[in-house]
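Visitor: task: produce atomic coordinates for the following.
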Amino acid sequence: MKNEKLKIALFVGGASSEREVSKLSSKSIYSALLSLGHEVILIDPALGNKQYTGSEKYFSPDCEVKVSTKNYSAAVNSIMKDEIDLAFLGLHGKWGEDGTIQSLLELCGIRYTGSGVLASALSMDKGKAKIIYQDNGVLVPKGLVISKSSYSFKDILESIKMSLGFPIVVKPNDEGSTMGLTICNDENEIDKAIEFSFQFSNKTIIEEFIPGRELTVGILDDKVLPVLEIRPKHELYDFECKYTSGMSEYIVPAQVDDDTFKHIQDQALKAYRSLGCKGYARADFRLSPEGKSYCLEVNTLPGMTSTSLIPKMANAIGISFEELISQIVNLSFDNGY
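Guide: Coordinates of the predicted model:
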């Protein structure tokens, strides 16, 4: 099926807190797939059987639309009769990036882009992923994971003082786009930060804040792309800096020495392979003033607008956005799902 005209279901939106981010990615993917000559059907899994007609509504901000994870199975079932060749996943966050939609597609025998069920689930669970990274020689920030139903603030505070110190990062264990994230500079800020994080997840990860530079590395077809540096206007590369024009500067290749450049690429590939990722992904790092690179996470469905990070890295080595999308489509036929 490679390099042929395919019938592709592009999954857009979803029910996660990153619904609108998914729409941004999917709009660019949609245009590229059409330019490549594919037939594209738009599917919002959160709408079930009540899908929109026409692409305009899919890529417009929602107006009182009811979305639910209960609709996912109905949405996947709705494309069974269409003889879909491939599901291209333009989803982000929970129920799109965590193995949920991947498992539904596999049960229905529908091929899809990106990593499989287990790798997707592991990468989304930051606490478990960090253990795996460490076991495979990848440096990560020190931290702990707490559960909404059974945590003791007194014990947490003691652990922070003994092993982490301040500042610390408090964030949901299984969210993206820095949703629910807070940097705490002292113990008076912790309780509120934890409550905020629990609005997005039942588990919260608390870890040492790594000062320094924000770096990221894309992986495509088990090969590393150039390291990219992000220079946000804020202290951290937060939601506003990610999705507001002019709030961040991007340098690719990153201006670091050759040894550091190669080391970060090697660490990214180790993290990617340790989870069993396939197709493409992006590994995010903080480079400390001492020159140590700490892996923060691996994103198995990273942003894919024409100005997102992986497209910027691919473009730096001569791969256009359409070529990138074409490669992702072709790689999905090698994944064995």
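
Visitor: does Gly13 touch Asn71 like I think?
Guide: No - distance between Gly13 and Asn71: 10.7 Å, which falls outside the contact criterion (C-beta atoms under 8 Å). All C-beta atoms are positioned from the backbone trio N, CA, C, and that covers glycine.

Visitor: spell out which residues are contacts of both of these two.
Guide: When C-beta atoms under 8 Å, 6 or more residues apart in numbering defines a contact, the residues bordering Gly13 and Asn71 alike are Pro45, Ala46, Leu47.

Visitor: surely the first one and Ile101 touch.
Guide: To tie it back to what came earlier, the one meant is Pro45. Yes - assessed by C-beta under 8 Å, Pro45 is found in contact with Ile101 at 6.3 Å.

Visitor: out of the two, which sits in the busier spot?
Guide: Pro45 (29 against 25; other C-beta atoms under 10 Å).

Visitor: so who does the more buried one touch?
Guide: The contact partners of Pro45, by C-beta under 8 Å, 6+ apart, come to Phe11, Gly13, Gly14, Ala15, Asn71, Tyr72, Ala75, Val76, Leu91, Trp95, Gly96, Ile101.

Visitor: just the buried subset of the residues you listed, written out for ChimeraX, thanks.
Guide: Only the buried entries of those go into this ChimeraX selection, using 16 or more other C-beta atoms under 10 Å:
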select :11,13,14,15,71,72,75,76,91,95,96,101
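
Visitor: flag the shaky bits of this protein, pLDDT-wise.
Guide: Where the chain drops to pLDDT under 70, the residues are 1-3, 63-64, 177, 235-236, 238-245, 306, 335-337.

Visitor: quick check: domain ranges of the chain?
Guide: Structural domains annotated on the chain: 7-114, 123-139+211-300, 143-208, as defined by automatic domain parsing.

Visitor: and the end-to-end length of the first one?
Guide: Domain 7-114 has an end-to-end distance of 17 Å (criterion: C-alpha to C-alpha, to the nearest Å).

Visitor: what are the boundaries of the helices in the chain?
Guide: Secondary structure of the chain by DSSP state H: the helices cover 19-35, 55-58, 72-78, 100-107, 117-124, 126-135, 153-159, 190-197, 239-243, 258-275, 309-316, 321-331.

Visitor: distance of the residue nearest to Tyr280 when sequence neighbours are not counted from Gly114?
Guide: Of all residues beyond its chain neighbours, the one nearest Tyr280 is Leu220 (4.9 Å), with distances taken as C-beta to C-beta, 6 or more residues apart in numbering. Here the distance between Leu220 and Gly114 works out to 11 Å (C-beta to C-beta, to the nearest Å).

Visitor: likewise Ala193?
Guide: According to C-beta to C-beta, Ala193 stands 31 Å off from Gly114.

Visitor: more neighbours: which of those two?
Guide: Between Ala193 and Gly114, counted using other C-beta under 10 Å, Gly114 has the larger neighbour count: 26 against 20.

Visitor: test my guess that that one contacts Val298.
Guide: No - Gly114 sits out of contact with Val298 when judged by C-beta under 8 Å, with a separation of 11.7 Å.

Visitor: identify the contacts common to these two.
Guide: Contact criterion C-beta under 8 Å, 6+ apart; residues bridging Gly114 and Val298 by contacting each: Ala281.

Visitor: so who does the closest residue to Met304 other than its chain neighbours touch?
Guide: Using C-beta to C-beta, 6+ apart and skipping the chain neighbours, the partner closest in space to Met304 is Ser25 (4.3 Å). Ser25 makes contact with Gly90, His92, Gly303, Met304, Thr305, Ser308 under the criterion C-beta under 8 Å, 6+ apart.

Visitor: need the phi and psi values for the second one.
Guide: In this entry, His92 is assigned phi and psi values of phi -140, psi 150 (degrees, to the nearest 10).

Visitor: find the nearest non-adjacent residue to it, please.
Guide: Glu18 (3.9 Å).

Visitor: report the contact partners of that neighbour.
Guide: By C-beta under 8 Å, 6+ apart, the residues touching Glu18 are His92, Gly93, Gly96, Glu175, Gly176, Ser177, Met179.

Visitor: check the burial of the first one by counting its neighbours.
Guide: To tie it back to what came earlier, the one meant is His92. In terms of burial, His92 registers 29 neighbours under the definition other C-beta under 10 Å.

Visitor: re earlier: how much space between the residue nearest to Tyr280 and Leu89?
Guide: The gap separating Leu220 from Leu89 is 16 Å, by C-beta to C-beta.

Visitor: who's more crowded, these two?
Guide: Here Leu220 and Leu89 are set side by side on neighbour count (other C-beta under 10 Å), and the busier one is Leu89, at 32 against 20.

Visitor: hmm, what's the outermost residue in the chain?
Guide: Note on the chain: the largest C-alpha distance from the chain mean falls to Lys154, namely 32.6 Å (C-alpha atoms, centre = their mean).

Visitor: what about the nearest residue to Asp135 once chain neighbours are set aside, how many neighbours?
Guide: Nearest non-adjacent residue to Asp135, counting by C-beta to C-beta, 6+ apart: Ser274, 7.4 Å away. Burial measure for Ser274: 20 neighbouring residues, criterion other C-beta under 10 Å.
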